[in-house]
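Enquirer: A predicted structure for the sequence below; I have some questions about it.
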Amino acid sequence: MWTRRWFIILTAAAVVTLALACQLVGQMSRDELQRLLKEQVAVRQGELPYVEKVYMGPGVLANSGASHLSQRLRFRREGPMGYFPADMYIDVAVLSDEKQAYRQAVRFAETQFALPGTPGLPEGTHSGFPVGQKSWVYGPPDGAKPGPGQGTSVLVVYDGSAALRVDIRYQPIDPKAKTAVFMPVSGEDRERSEYVARLLLSRVQMLLMNWDGFNVLRIHSGRATLPARKTSKGLYIPAGSALRQYGGVVKQSRTGVFTVEWGGKRVTVPVAARVLLTGKQQIPLSAPVLYDGQEIWIEAQGFAQALGWKLVKQGGAISLSL
Amino acid sequence: MPYSTRNTPSEVFVVLDAPKAPMSPAWVSLLRYSCRWAAWTNNLYDAARAVTFGVFYQRPGFAYPEDSSARWTTPRADGSYTYMLKAVISEWQRGQWISGNCVDVSFFTMLASCAVGMDFSARQLATTSLLPPSPQCGRENCPNRSPHFHTNMLCPIGSDPTPGDDPREPIPPYPDYTYRWYSWAWHQVCSISGAADIGAGIWDPTAAQKLDLFGSSYRNPAADHPSCRWIQEGYWQTPRMPGAILGLVNEPWQADTEPVVVWIGKCAVSAEDHTPSE
């Protein structure tokens, strides 16, 4: 009887929260959303140590009607004739629904390799770990030599109502030569672009789900109480803090993929993915992994399942236990 | 051509005709390029060829990327395109090279032609006769996992198409190391607005062709001109046979009805630029 009553109350609360969130996004004008993308999602000057200068706009979506964020991050690379400039171009689009976002992502991934209207890049990521609901990637093959046409890499991601493209573009080794010869984009820069894609997609998701507007719940984990977020997409817990309560270890790679180790178990946590990986097994999540720059937030049920923990709800209290 | 004197410091541009949409009124920053490229020409064919060559040989300018992705334009939901013209010109003025595929460079050529009064459009050409995805296409080192065609040897924009010496090659005569074949599924070029699907003249700044359609040395981007015709059907494949040696498509053999024109139109233009973040 009590269980049923609690179920009804929690369901009603979730519906109200969802409705409020939808209303918030629906009410947000394109200009307002564009402003928030610049304020809350964009890479800031000084945020990435290797970036010398951050530029805004215009991006290929200028005048398209979509809310979008376009940035260019300037940095330097060393070639056989000294340093040359390199850029990371970022295009983030927020569309009205998932279908539109997918279409925009396909447009981002169009090339001359495949007919217009279809993605011309192979599916995947630079690291091989998933991001978003689908992603497409191009990078120079291993062992590529400097030459014409080299010097670019592309990563396109789609998730929910967001589509994102992150390019690396090098300047040629000798800008005055008759033939522009480029260094192949380095593995390090491809990793950097994937990190930026994961970080920004995570920030977009947090913006769209009104992260700061959701209730902060307290959940019990070990001897501590942790802040959790009850969102329209599920209950998020701060995974790093929760793990440390039980002596676990969290490691971060350069591509924004975390590795969690606890009790002999090893779980791969790709930021902005909707899946956790334990060896070859995939554990689907109802909501993407989020990263706020300090803490990784994972949907609680999936996180508990990956580590073999228990998520217990008793009355109004939620606890995470071994 | 641009014109000014000490007593008239303002720039005067002498053009073929009134600027055409979407470059009406024409941008001064673009006119500086198109008028320089087409200087001393006084008819459409000379001027259009000069502009096409000008885009191809611009240094620093466009360089065709290995990923074959568009960088300065994207198709929109309503089927139209917006071109980041201001951003492209700004990059060149800063001495930067930029990546651009056939969509980027053909739209730029279209805009530069429209600015000097030539009514040009872009058109996307495709074919129903495609090869199966690699490795079924039968060509070694073909990276394309989608249905595609193989081009003849092309020198992409950003590279030098003149007779090439490759000092890495041990034995002369050195091959033209800037020429290579591509595996594409479609291609975008320029044509005169209103030209029929069949028989249209083609201006293609994306890549230089080693041979013209008579098999003579050409080593320039295809640009239709009475002295050297590049009509759509011949430009696409000449002769119509397997492993054709002239035109864009090397294989597969193309039917008489090809290429198929899948899109013709102009792009909108964006006057926004990248600005330093606050």
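Expert: In hand now; what should we look at?

Enquirer: going forward, measure contacts and count neighbours with C-alpha atoms only.
Expert: Noted.

Enquirer: can you pull the contacts of residue 239?
Expert: Just going to use chain A. With contact taken as C-alpha atoms under 8 Å, 6 or more residues apart in numbering or on different chains, residue A:239 is in contact with A:295, A:296, A:297, A:298, A:303.

Enquirer: was after chain B, sorry
Expert: Contacts of residue B:239 by C-alpha under 8 Å, 6+ apart are B:245, B:246.

Enquirer: neighbour-wise, which of the contacts of residue A:239 leads?
Expert: Using other C-alpha atoms under 10 Å in any protein chain shown as the neighbour criterion, residue A:298 leads those with 31 neighbours.

Enquirer: Looks to me like it is in a strand.
Expert: Yes - applying DSSP: H, G, I helix; E, B strand; the rest coil, one finds residue A:298 inside a strand.

Enquirer: So the residue positioned nearest the centre of chain A, which state does it fall into?
Expert: Residue closest to the average C-alpha location in chain A (C-alpha atoms, centre = their mean): residue A:198, at 2.7 Å. Recorded secondary structure, residue A:198: helix (three-state DSSP).

Enquirer: Tell me which residue of the stretch 101-250 of chain B lies closest to chain A.
Expert: residue B:159 (4.0 Å; C-alpha to the nearest C-alpha).

Enquirer: Where does that residue sit: helix, strand or coil?
Expert: coil.

Enquirer: That one - how many residues pack around it?
Expert: Neighbour number of residue B:159 under other C-alpha under 10 Å is 26.

Enquirer: where does it land on pLDDT?
Expert: Note on residue B:159: pLDDT of 95.

Enquirer: residues contacting it?
Expert: Contacts of residue B:159 (C-alpha under 8 Å, 6+ apart): A:148, A:178, A:179, A:180, B:63, B:178.

Enquirer: any chance of those in CSV, plus secondary structure?
Expert: Below are those laid out as CSV (three-state DSSP):
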residue, secondary structure
A:148, coil
A:178, coil
A:179, coil
A:180, coil
B:63, strand
B:178, coil
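
Enquirer: is it possible to export those to JSON lines including neighbour count and pLDDT?
Expert: Shown next, in JSON lines, are these (neighbours: other C-alpha atoms under 10 Å in any protein chain shown; pLDDT from 0 to 100):
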{"residue": "A:148", "neighbour count": "24", "pLDDT": "94"}
{"residue": "A:178", "neighbour count": "16", "pLDDT": "90"}
{"residue": "A:179", "neighbour count": "22", "pLDDT": "92"}
{"residue": "A:180", "neighbour count": "26", "pLDDT": "95"}
{"residue": "B:63", "neighbour count": "30", "pLDDT": "98"}
{"residue": "B:178", "neighbour count": "23", "pLDDT": "89"}
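
Enquirer: what sits opposite residue A:320 in the beta ladder?
Expert: Beta bridges link residue A:320 to residue A:221, residue A:311, judged by DSSP bridges.

Enquirer: ok, back up a step: which residues touch the residue nearest to the centre of chain A?
Expert: Here residue A:198 is in contact with A:131, A:256, A:271, A:272 (C-alpha under 8 Å, 6+ apart).

Enquirer: cutoff 10 Å now
Expert: A:130-132, A:157, A:164, A:192, A:204, A:255-257, A:270-273, A:289-291 (C-alpha atoms under 10 Å, 6 or more residues apart in numbering or on different chains).

Enquirer: Show me the helices in the stretch 1-150 of chain B, by range?
Expert: Ranges of helices in the stretch 1-150 of chain B, per DSSP state H, counting those that start in this stretch, are B:28-37, B:44-57, B:85-93, B:102-115.

Enquirer: Name the stretch among these that sits most buried.
Expert: helix B:102-115 (a mean of 28; mean count of other C-alpha atoms under 10 Å in any protein chain shown).

Enquirer: what's the most distant pair in the contacts of residue B:159?
Expert: B:63 and B:178 (12.2 Å; C-alpha to C-alpha).

Enquirer: quick one on the thing from earlier: compile the contacts of residue A:239 into JSON lines and extend it with columns for distance to chain B.
Expert: Formatted as JSON lines, these follow (distance: C-alpha to the nearest C-alpha, whole Å):
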{"residue": "A:295", "distance to chain B": "26"}
{"residue": "A:296", "distance to chain B": "27"}
{"residue": "A:297", "distance to chain B": "29"}
{"residue": "A:298", "distance to chain B": "32"}
{"residue": "A:303", "distance to chain B": "36"}
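
Enquirer: which residues do residue B:63 and residue B:178 both contact?
Expert: Contacts common to residue B:63 and residue B:178, judged by C-alpha under 10 Å, 6+ apart, are A:148, A:179, B:156, B:157, B:158, B:159.

Enquirer: any chance of those residues in TSV, plus distance to residue B:217?
Expert: Listed next are the shared contacts of residue B:63 and residue B:178 as TSV, based on distance: C-alpha to C-alpha, whole Å:
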residue	distance to residue B:217
A:148	22
A:179	20
B:156	17
B:157	18
B:158	20
B:159	17
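
Enquirer: Now residue B:222: which helix or strand?
Expert: Here residue B:222 sits within strand B:217-223, counting by DSSP states H and E.

Enquirer: Could you list the buried residues of that strand?
Expert: B:218, B:219, B:220, B:221, B:222, B:223 (16 or more other C-alpha atoms under 10 Å in any protein chain shown).

Enquirer: If you count contacts, what does the very next helix or strand once past that strand end up packed against?
Expert: Downstream of strand B:217-223, the next assigned helix or strand under DSSP H and E is helix B:232-236. The helices and strands touching helix B:232-236, judged by 3 or more C-alpha pairs under 10 Å, 6 or more residues apart in numbering or on different chains; DSSP states H and E, are strand B:120-126, strand B:203-211, strand B:249-251.

Enquirer: Make JSON lines from these and add mean pLDDT and mean neighbour count to it.
Expert: As requested, the helices and strands packed on helix B:232-236 are arranged in JSON lines below (pLDDT from 0 to 100; neighbours: other C-alpha atoms under 10 Å in any protein chain shown):
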{"stretch": "strand B:120-126", "mean pLDDT": "97", "mean neighbour count": "23"}
{"stretch": "strand B:203-211", "mean pLDDT": "96", "mean neighbour count": "27"}
{"stretch": "strand B:249-251", "mean pLDDT": "97", "mean neighbour count": "26"}
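
Enquirer: Take those and write them to TSV, including distance to chain A.
Expert: What follows is the helices and strands packed on helix B:232-236, written out as TSV (distance: least, C-alpha to the nearest C-alpha, whole Å):
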stretch	distance to chain A
strand B:120-126	8
strand B:203-211	12
strand B:249-251	14
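
Enquirer: Out of these, flag the one nearest residue B:259.
Expert: Nearest of the helices and strands packed on helix B:232-236 (C-alpha to C-alpha): strand B:120-126, 5.6 Å.
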